[in-house]
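Chemist: Make a model of this:
(one chain, ligands or ions: 2)
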Amino acid sequence: MTPRKRDDLFARDDAPEKFEFNESVARVFDNMLERSVPFYKECQQMVVALVEATAQPGTRVYDLGCSTGTLIREMARAVPPESDIRFIGLDNSDAMLKKARRKLKEFGDRCEVVSGDLNGPLELENASVVILNYTLQFLPPARRQGLLKRIRQSLLPGGALILIEKVKAEAAALAPVFVERYYAYKRERGYSRMEISRKREALEEVLVPLPPGENVTMLETAGFGTVDVFFKWFNFCGFVALRGEAGSGSQPAPGPQPASGKKRAKTRKSR
Ligand SMILES: C[S@@+](CC[C@H](N)C(=O)[O-])C[C@H]1O[C@@H](n2cnc3c(N)ncnc32)[C@H](O)[C@@H]1O
Ligand SMILES: O=C(O)C(=O)C[C@]1(C(=O)O)C=C[C@@H](O)C=C1
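Modeler: Numbering: from 1, shown residues only. Ligands and ions are numbered 1, 2, ... in the order given. Next comes the predicted model:
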């Protein structure tokens, strides 16, 4: 296994002024995420559990914005091959896809990654679960609703969308408190004030977070009948949304047989 490269991108004199998912980011990406995304590994485990509970045998699970393929690897390890579920990753960064292909080689054709732009038309086939982790936030806000609607239309009845986003505090008075806690988190993981500040500037207008409530409204407007929050830590939030029964647009579908063979958890409408 190749050693994990430490993220020093914004410590260097040639630090990027605008954040891009290029070769230099791909090189240090796994270390960057582990040190910059609170509860990154725990959230992956939560997503794996949600996938085990909702993915339907003989279907596909899509990871949109799959980066280096770490989550796909975790899902492929957890879901038994007999369930005949295929994992498809999509990303528009060739540098990320190259790393993902290497990471997923051992799973043969159970896992595949493809190049695609979420700002363009999206074709999802036989999809029982779609995952968008830390990726919707990189689309212009005006394009997000259209993508969520497209995903909702493409999902099989009973299908699920799992969404994790960086979010803004709902209350303006708490915004600086949340942001300061996040920067403290980064400092505790070895990032200097200079690195934090340079990355913040590079992400301006590239990563645009919305408050959790706006994400929930977008999911409901897209036609998801059940929407709930499964994770929240200051500026990070995980949502799960279920497609309603075909034609109804608001009722959860009758429970499909989950990939794990376990009984599916009951859902409730959060608002
Ligand atoms: C923060 S990373 C996602 C991390 C990954 N989902 C995970 O949990 O480790 C965002 C990813 O989305 C990809 N991305 C950003 N905009 C995109 C677009 N318009 N179409 C496809 N992929 C995009 C980037 O290349 C990057 O790999
Ligand atoms: O470092 C930050 O400020 C972040 O917002 C972390 C974050 C993200 O949430 O997507 C931003 C860019 C990188 O892709 C990795 C992580």
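Chemist: Give me the distance between Lys98 and ligand 2.
Modeler: 17 Å (CB to the nearest ligand atom, to the nearest Å). Quick note: C-beta positions are derived from backbone N, CA and C, even for glycine.
Chemist: Spell out the secondary structure type for that residue.
Modeler: helix (DSSP: H, G, I helix; E, B strand; the rest coil).
Chemist: okay, now the spatially closest residue to it that is not a sequence neighbour: neighbour count?
Modeler: Counting by CB to CB, 6 or more residues apart in numbering, Ala26 is the residue found nearest to Lys98 once chain neighbours are left out, at 7.4 Å. Neighbours of Ala26 under the rule other CB atoms under 10 Å: 22.
Chemist: Number the chain from 22, please
Modeler: Done: numbering now begins at 22, and the last item shifts to Ala47.
Chemist: Show me which residues of the stretch 72-221 of the chain are close to ligand 1?
Modeler: The stretch 72-221 of the chain comes close to ligand 1 at residues 86-88, 91-92, 112-114, 117, 138-140, 154-156, 159-160, as judged by CB under 6 Å from any ligand atom.
Chemist: now do 8 Å
Modeler: Neighbours of ligand 1 within the stretch 72-221 of the chain, by CB under 8 Å from any ligand atom: 84-89, 91-92, 111-114, 117, 137-140, 152-156, 158-160, 185.
Chemist: Shouldn't the residue nearest to Lys119 be within a helix?
Modeler: Yes: counting by three-state DSSP, Ala47 is part of a helix.
Chemist: just to revisit the earlier point, now, of the residues of the stretch 72-221 of the chain next to ligand 1, which are buried?
Modeler: The neighbour-count criterion (16 or more other CB atoms under 10 Å) marks 84-89, 91-92, 111-112, 114, 117, 137, 139, 152-156, 158-160, 185 among those as buried.
Chemist: Out of the residues you listed, which sit inside strands?
Modeler: When these are checked against strands (DSSP state E), the matches are Asp84, Leu85, Leu111, Asp112, Ile152, Leu153, Asn154, Ile185.
Chemist: Would you confirm that the third one contacts Glu133?
Modeler: No: here Leu111 lies out of contact with Glu133, judged by CB atoms under 8 Å, at a distance of 9.7 Å.
Chemist: tell me which element Gly264 is part of?
Modeler: Slight slip there: residue 264 is Arg, not Gly. Element membership for Arg264, per DSSP states H and E: strand 257-264.
Chemist: what about that strand and ligand 2, touching?
Modeler: Yes: using CB under 8 Å from any ligand atom, we find that strand 257-264 touches ligand 2 at Phe257.
Chemist: which residues touch that strand?
Modeler: 58-60, 64, 67-68, 71, 75, 173, 176-188, 233, 236-237, 240, 243-253, 273-274, 288 (CB atoms under 8 Å, 6 or more residues apart in numbering).
Chemist: how far away is Phe251 from Gly234?
Modeler: 16 Å (CB to CB, to the nearest Å).
Chemist: Looking at these two, which is more packed in?
Modeler: More crowded of Phe251 and Gly234, by other CB under 10 Å: Phe251, with 16 against 12.
Chemist: Note down every partner strand of the helix or strand where that one lies and its orientation.
Modeler: Secondary structure from DSSP H and E places Phe251 in strand 245-254. When pairs are called by DSSP bridges, strand 245-254 turns out to pair with strand 257-264 (antiparallel).
Chemist: dump the residue contacts of the residue nearest to Asn154 when sequence neighbours are not counted.
Modeler: Excluding the flanking residues, the one nearest Asn154 by CB to CB, 6+ apart is Ile185, at 4.4 Å. Contacts for Ile185 (CB under 8 Å, 6+ apart) come out as Cys64, Val68, Leu153, Asn154, Tyr155, Phe252, Phe257, Cys258, Gly259, Phe260.
Chemist: Pop out the phi and psi values for Lys39.
Modeler: Main-chain torsions, Lys39, degrees, to the nearest 10: phi -130, psi 130.
Chemist: That one touches Ala223, doesn't it?
Modeler: Yes: applying CB under 8 Å as the test, Lys39 and Ala223 come out as touching, 5.7 Å apart.
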